[in-house]
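Engineer: Task: produce atomic coordinates for the following.
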Amino acid sequence: MEGKKGRVFAVGLGPGSPGHMTGEVLKAIQASEAVIGYHVYLELIEGLLAGKEVFASGMRRELERCEKALALAREGKTVSLVSGGDPGVYGMAGPLLEINGKQTEPVEIEVVPGVTAACMAGAVLGAPLMHDTALISLSDLLTPREMIKKRLRLAAEGDFVTVLYNPGSASRSGYVKWARDIFLEYRKKETPVGIVRNAARENQEKWIATLGELADYSVDMFTLVIIGNSRTYCSGGRMITPRGYAL
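Structural biologist: Below you'll find the model as predicted:
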């Protein structure tokens, strides 16, 4: 008799509050016997974890989490591998699929999308993402710094609204400054910039500033920065990027 087949859900929690999780994410977690994730994200859904095996770990343990999820699935268990935001946007879906593809016994994987940080922060700020947008992480743990600078320069030159993920940390306090300096080569210093920390969580903070002022603000790994394009403006305390309609 064939044994029970396990599978892995790569789920995105969105900002982490149940009200901003999709119904499919909640169903996947409820259907799982084990839940694996970065400890900060698991703390956000503590109320959903009763009766489940829980495996939490810290930063830079992503590949271990993928291996653990696949190992449990090969034992026949249903597993949720948790990402913040969307699992396919700087999340766990990519490495999970890559590792699974190299296994002699690959398991079934379903990617369950969530509300990514760019969309949530955009909603908090108004409507800054209404036109072509680039998402760029300033973390150089996995991407060489010169490649990040090249991508920033091309996004700035192409007049993309640009979302900066991972804009700063204890070891990367100056990165947002050199990102700003690159954009000032192509944008006016008055260009609107939105800064959102802990989007849609209880301790949410937001600021709307200008590109010239960006380096004056403290940013960390829980912060998202949205730099407007050449047509982005502010009205009523909201950032708006025109789509191009004749109004």
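Engineer: export the helix or strand of the chain with the lowest mean pLDDT as PDB, just CAs?
Structural biologist: Lowest mean confidence among the helices and strands of the chain (mean pLDDT, DSSP states H and E): helix 39-44, at a mean of 93. Provided in PDB are the C-alpha atoms of helix 39-44 (Å, rounded to 0.1, in the frame of the first residue of the first chain):
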ATOM      1  CA  HIS A  39      11.100  33.300  14.100                       C
ATOM      2  CA  VAL A  40       9.900  36.900  13.700                       C
ATOM      3  CA  TYR A  41       7.300  35.800  11.200                       C
ATOM      4  CA  LEU A  42       6.100  32.800  13.200                       C
ATOM      5  CA  GLU A  43       5.600  35.100  16.200                       C
ATOM      6  CA  LEU A  44       3.100  37.100  14.100                       C
END
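Engineer: Please tell me I have it right and Val225 contacts Pro167.
Structural biologist: Yes - judged on C-beta atoms under 8 Å, Val225 makes contact with Pro167 at a distance of 5.0 Å. Using the backbone N, CA and C atoms, a C-beta is placed for each residue, glycine as well.
Engineer: for the residue nearest to Ala31 when sequence neighbours are not counted, phi and psi?
Structural biologist: Using C-beta to C-beta, 6 or more residues apart in numbering and skipping residues adjacent in sequence, the residue nearest Ala31 is Thr78, 5.8 Å away. Note on Thr78: backbone dihedrals following degrees, to the nearest 10 are phi -90, psi 130.
Engineer: how about the strands in this protein?
Structural biologist: Secondary structure of the chain by DSSP state E: the strands cover 7-12, 34-38, 53-57, 78-83, 108-112, 126-127, 133-137, 161-165, 192-197, 205-210, 223-227, 233-235, 238-240.
Engineer: Would you mind getting the angle between the fourth one and strand 7-12?
Structural biologist: It stands for strand 78-83. In terms of direction (axes from the mean of the first three to the mean of the last three C-alpha atoms, to 10 degrees), strand 78-83 departs from strand 7-12 by 20 degrees.
Engineer: Give me the contacts around strand 78-83.
Structural biologist: 6-13, 28-29, 31-38, 41-42, 45, 65-66, 69, 72-73, 87, 91-93, 96, 114 (C-beta atoms under 8 Å, 6 or more residues apart in numbering).
Engineer: List the strands paired with it, with their directions.
Structural biologist: Strand 78-83 has its sheet partners listed here by DSSP bridges as strand 7-12 (parallel), strand 34-38 (parallel).
Engineer: sorry, back to before: spit out the residues that contact Val225 and Pro167 alike.
Structural biologist: 176, 219.
Engineer: Among these two, which residue is more densely surrounded?
Structural biologist: Val225 (27 against 23; other C-beta atoms under 10 Å).
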